[in-house]
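Asks: Whatever this is, show me its structure:
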Amino acid sequence: MIGILYILVIILANSVGAVSGMGGGVIIKPVLDFIGFHSIAEISFYSTVAVLTMSVVSTSKQIKNGISVNWTSAGQLSVGSVIGGVIGTTAFNALLKQFPDGMVVQLTQIILTLLTLLFAYWYSRGERRRYNYQSGIIKIATGFLLGFLASLLGIGGGPINVALLMLLFNLPIKAATVYSIIIILFSQAAKVITIFLSKKWIGIDMTMLWYIIPAAIVGGYLGALISKKVSNQRVNQIYQVVILLVMALNIYNAWRLF
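Replies: The predicted model follows:
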């Protein structure tokens, strides 16, 4: 029963995440926290695997759809995201070691996630100032910040990706979603590798991956398919609705902790 429930959550979350550029984890993480069947470490791992799988499928599908990607910029963002992903995972493990009951870690994740959601929602409302930075250092630093937050928060991406890419590099929202998914791909790959090398996967119920990975593939494929058919305006509307729903769920999860 739990496996079927996880399949439904991941297909829906990854479909929306692929369209909006959020990655799906920003929905998966709080929903699985709400269900409460697994530990915070297990939920973070499942979310990471689901989002990594989705990002591989979605990126390959977007490229086949003819989406233009500046691979130099994508590479610079990805290098930063890999480094940020490793450090974010290390910080998450250190927090979990310091507070093994998971409550402080979960509350920290919720607060930081809400702050990024508020920024993303504010930026998506109306025409905001945009810059057009071309510096490779700024792109690497941006990738680092996004990779760090994605891994620390266990959300595998998040709404801040798209907002920050639009703000700093003057990208239209659909282009920003593609670069966001590429950043997510590399940061979450780094996180999975770090988890396995540090043996943090020991004790996690790996049988759940039989449900999670196929669901993530379907979600990534559907998201890329939908993205091809919808306008920038529609993507922005989906983006805003998802932000509001996820904010409400995170606030409820924080309330439940007390």
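
Asks: neighbours around residue 165, how many?
Replies: Look at residue 165: counted by other C-beta atoms under 10 Å, it has 26 neighbours. In this view, the C-beta of every residue, glycine as well, is placed from N, C-alpha and C.

Asks: Now do the same contact list for it.
Replies: Residue 165 makes contacts with 142, 171, 176, 179, 180, as judged by C-beta atoms under 8 Å, 6 or more residues apart in numbering.

Asks: which one of those has the most neighbours?
Replies: When neighbours are counted by other C-beta under 10 Å, residue 180 leads the contacts of residue 165 with 32 neighbours.

Asks: in the strand or helix carrying that one, what's buried?
Replies: Using DSSP states H and E, residue 180 sits in helix 173-197. Within helix 173-197, the residues scored as buried using 16 or more other C-beta atoms under 10 Å are 173-192, 194-195.

Asks: do stretch 50-69 as well
Replies: Applying 16+ other C-beta under 10 Å to stretch 50-69 flags 50-59, 61-62, 67 as buried.

Asks: So which of those residues is the closest to residue 224?
Replies: Nearest to residue 224 among the buried residues of stretch 50-69, counting by C-beta to C-beta, is residue 61 at 3.5 Å.

Asks: What sits closest to the closest one if chain neighbours are left out?
Replies: Excluding the flanking residues, the one nearest residue 61 by C-beta to C-beta, 6 or more residues apart in numbering is residue 224, at 3.5 Å.

Asks: how far away is the one you found from residue 30?
Replies: As for residue 224, its distance to residue 30 is 24 Å (criterion: C-beta to C-beta, to the nearest Å).

Asks: In terms of packing, which of those two has more residues around it?
Replies: Counted by other C-beta under 10 Å, residue 224 and residue 30 do not tie: residue 30 has more neighbours, with 29 against 25.

Asks: contacting residues for that one?
Replies: 110, 113, 246, 249, 250, 253.

Asks: Kindly write the PyMOL command that selects the buried subset of those.
Replies: PyMOL command restricting the contacts of residue 30 to the buried ones, with burial defined by 16+ other C-beta under 10 Å:
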select buried, resi 110+113+246+249+250+253
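
Asks: Which of the contacts of residue 30 sits closest to residue 151?
Replies: When the contacts of residue 30 are compared against residue 151 (criterion: C-beta to C-beta), the nearest one is residue 113, at 12.9 Å.

Asks: The closest one contacts residue 249, doesn't it?
Replies: No - Residue 113 lies out of contact with residue 249 (C-beta atoms under 8 Å); the separation is 10.0 Å.

Asks: right, and the residue nearest to residue 61 touches residue 67 too?
Replies: No - at 9.2 Å, residue 224 does not count as touching residue 67 under the criterion of C-beta under 8 Å.
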